[in-house]
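> Sharing a sequence plus its predicted fold:
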Amino acid sequence: MTVTAIVGANWGDEGKGKMTDVLSAVSSYVVRFQGGSNAGHTIINHYGKFALHMLPSGVFYPSVTNIIGPGTALDTGMLQKELQMLKDKGVPAPTLYVSERAQVVLSIHRLFDELEEERLGTRGFGSTKRGIAPFYADKYAKLGIQVSDLFDEVRLRERVERLLEPKNLMLQHYYNREPIHPEVLMEQLKEEAEFLAPYVKNTTEVLQKANLDGESILLEGQLGALRDPDHGIYPYSTSSSTLSGYAPVGAGLPASSISRVIAVVKAYSSCVGAGPFVSEIQGQEADELRGLGGDAGEFGATTGRPRRMGWFDAVATKYGCSIQNATEVCLTNLDVLGYLDEIPMCTAYELEDGSTTQAFPVTSKLNGAKPVISTLPGWKCDISQIREFDDLPKKAIAYVEFIEASIGVNITTISVGPRREQVIERR
């Protein structure tokens, strides 16, 4: 059996939720290894439609053990809401473990996120205001609170007081707000501890044993390669690594354990949030694509904001697959493009100095870049019921093969609709 990482090759919003759901059916463990409640995976099944922000996507399968790993930003409130949502919709209670080493997103993190975006105004980064950047800032400043701390009152109080010292100075003198008393956070965290207690486990030990026993483990990434803080469109990035290279770290597995990396790629481009987006389209052209995308239009699973739309970007996608070390690609939403006579595609960038490149540049050069557009013929029909690659229209096959040649990675899976059965396996 294998350890598989499923990750995004673009800005996020590639359709990872559905593909994680499909792969969960043949996995023993599904693991969240980074990020928090700032992005969502949409899943449609016989129970209904779900947008999961904190829970791993394997929660719909009774045979799967779902794990929130030590690399995640644990939003306990969101976790509680999502478990209640599953119960309300008749989903059996999942097997869920939360790493004792995971750190907790606090109410003060969300507060600082909101205050800073408010202060920045039009210069903001499009934060979801879920407290993610302040959380990771505190984690690496050694001010964070681990799940295990919640069950040691003396240690917890010491950690809370240490955290609040610099925070209260900023609240008072930078944001003109009242300071927060330690007891306020202590009471909140005691309630969280009571809720979390049944789920807390040494998940690193669990996963390392499962790996040695040869069980199938699926590591579920959040967002995409271009939102990575080191290799993406910084500073319009998230605050944790979105790359497969971080997956074993955030899960608690050996670095050599991953044998399969599935990069999820959309047949066109979309993103939520600020930052350079070279293949972006506007106006009616964008509205039409947005309206036809996804299962009910292209809107953020977390924010509900209309996604920015663009044509497939071969430059960004080849780069994303490369830094993800993709062993294969899953191409999603191919069915959406069936309305077009001709399908535009960005195959290179024209930079401000007049040069043309097929290499993905740094953010400072991206801001003035323009797309070099090629067009491929459209197939002008509904392909959502097709399940064999060779049964696709020849022009759809040509589109897939052009993308495959452009990015240099085999496309092994093609999604032709939002439901889990609308998949073409291509081996």
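Structure received. This is a predicted model, so every value here is computed, not measured.
> what's near enough to touch residue 287?
With contact set as C-beta atoms under 8 Å, 6 or more residues apart in numbering, residue 287 has no partners. C-beta here means a position set from N, CA and C on the backbone, and glycine is covered the same way.
> Would you confirm that it belongs to a strand?
No. Per DSSP: H, G, I helix; E, B strand; the rest coil, residue 287 lies outside any strand segment and is helix.
> Low-confidence ranges, the protein, go.
The model of the chain has pLDDT under 70 over residues 1, 120-127, 295-296, 300-303.
> what residue lies at the spatial centre of it?
With distances taken as C-alpha atoms, centre = their mean, the residue of the chain nearest its centroid is residue 222 (2.1 Å).
> Does that residue touch residue 37 like I think?
No. At 9.7 Å, residue 222 does not count as touching residue 37 under the criterion of C-beta atoms under 8 Å.
> In this protein, which helix is the longest?
Longest helix of the chain, by residue count under DSSP state H: helix 153-173.
> could I have it exported to PDB, CA atoms only?
Coordinates of each C-alpha in helix 153-173 appear next as PDB, following Å, rounded to 0.1, in the frame of the first residue of the first chain:
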ATOM      1  CA  GLU A 153      -4.200  24.100  34.000                       C
ATOM      2  CA  VAL A 154      -1.000  25.400  35.500                       C
ATOM      3  CA  ARG A 155       0.900  25.200  32.200                       C
ATOM      4  CA  LEU A 156      -2.000  26.500  30.300                       C
ATOM      5  CA  ARG A 157      -2.300  29.600  32.500                       C
ATOM      6  CA  GLU A 158       1.400  30.300  32.100                       C
ATOM      7  CA  ARG A 159       1.100  29.900  28.300                       C
ATOM      8  CA  VAL A 160      -1.900  32.200  28.100                       C
ATOM      9  CA  GLU A 161      -0.300  34.900  30.200                       C
ATOM     10  CA  ARG A 162       2.900  34.800  28.200                       C
ATOM     11  CA  LEU A 163       0.800  35.100  25.000                       C
ATOM     12  CA  LEU A 164      -1.300  38.000  26.200                       C
ATOM     13  CA  GLU A 165       1.600  40.200  27.300                       C
ATOM     14  CA  PRO A 166       2.600  41.400  23.800                       C
ATOM     15  CA  LYS A 167      -0.900  41.000  22.500                       C
ATOM     16  CA  ASN A 168      -2.400  43.400  25.000                       C
ATOM     17  CA  LEU A 169       0.300  46.000  24.400                       C
ATOM     18  CA  MET A 170      -0.600  45.900  20.700                       C
ATOM     19  CA  LEU A 171      -4.400  46.000  21.400                       C
ATOM     20  CA  GLN A 172      -4.000  49.100  23.600                       C
ATOM     21  CA  HIS A 173      -1.300  51.100  21.900                       C
END
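> Beyond that helix, next helix or strand please.
helix 182-196 (DSSP states H and E).
> What helices and strands are in contact with that next one?
Contacts defined by 3 or more C-beta pairs under 8 Å, 6 or more residues apart in numbering; DSSP states H and E place helix 182-196 against helix 76-88, helix 107-120, helix 153-173.
> and the next element down the chain from it?
Counting by DSSP H and E, the next helix or strand C-terminal to helix 182-196 is strand 200-201.
> That following strand pairs with which strands, parallel or anti?
Each strand paired with strand 200-201, and its direction, by DSSP bridges: strand 95-99 (parallel).
> Compute the inter-axis angle for the partner strand and helix 76-88.
Following axes from the mean of the first three to the mean of the last three C-alpha atoms, to 10 degrees, one obtains 180 degrees for the angle between strand 95-99 and helix 76-88.
> neighbouring contacts of strand 95-99?
Here strand 95-99 has contacts from 55-56, 59, 62, 64-70, 72, 74, 79, 83, 147, 196, 199-204, 206, 252, using C-beta under 8 Å, 6+ apart.
> Excluding sequence neighbours, find me the nearest residue to the residue nearest to the centre of the chain.
By the measure of C-beta to C-beta, 6 or more residues apart in numbering, the closest residue to residue 222 outside its immediate chain neighbours is residue 35, 3.5 Å from it.
> Please apply the same query to residue 415.
Among residues not flanking residue 415 along the chain, residue 332 sits closest, at 4.1 Å (C-beta to C-beta, 6+ apart).
> Show me what the host helix or strand of residue 424 is packed up against.
Assigned by DSSP H and E, residue 424 falls within strand 423-425. With contacts taken as 3+ C-beta pairs under 8 Å, 6+ apart, strand 423-425 sits against strand 411-415.
> And the strand it packs on, what does it pack against?
When contacts are defined as 3+ C-beta pairs under 8 Å, 6+ apart, strand 411-415 sits against helix 16-24, strand 328-332, helix 394-407, strand 423-425.
> one more time with 10 Å
Counting contacts by 3 or more C-beta pairs under 10 Å, 6 or more residues apart in numbering; DSSP states H and E, strand 411-415 packs against helix 16-24, strand 258-266, strand 328-332, helix 394-407, strand 423-425.
> Just the C-alphas of the longest one, formatted as CSV.
Just to be clear, that refers to helix 394-407. The C-alpha trace of helix 394-407 is given here as CSV (Å, rounded to 0.1, in the frame of the first residue of the first chain):
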residue,chain,number,x,y,z
LYS,A,394,-11.6,14.0,-30.1
LYS,A,395,-11.3,17.8,-29.4
ALA,A,396,-11.7,17.2,-25.7
ILE,A,397,-9.0,14.5,-25.9
ALA,A,398,-6.8,16.9,-27.8
TYR,A,399,-7.3,19.5,-25.0
VAL,A,400,-6.3,17.1,-22.3
GLU,A,401,-3.2,15.9,-24.3
PHE,A,402,-2.1,19.5,-24.9
ILE,A,403,-2.3,20.3,-21.2
GLU,A,404,-0.4,17.1,-20.5
ALA,A,405,2.4,18.0,-22.9
SER,A,406,2.5,21.6,-21.6
ILE,A,407,3.0,20.6,-17.9
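> would you say residue 343 is within a strand?
Yes. Counting by three-state DSSP, residue 343 is found in a strand.
> That one and residue 378 touch, don't they?
Yes. In this structure, residue 343 is within contact of residue 378 by C-beta atoms under 10 Å, at 5.2 Å.
> Give the residues shared as contacts by these two.
Taking C-beta atoms under 10 Å, 6 or more residues apart in numbering as the contact rule, residue 343 and residue 378 both touch 337, 395, 396, 399.
> coming back round to it: among the helices and strands packed on strand 411-415, which comes closest to residue 187?
When those are compared by C-beta to C-beta, helix 16-24 sits nearest residue 187, at 34.5 Å.
> Between strand 411-415 and the closest one, find me the angle.
Between the axis of helix 16-24 and that of strand 411-415 there is an angle of 110 degrees, by the same axes, to 10 degrees.
> Alright, that wraps it up for me.
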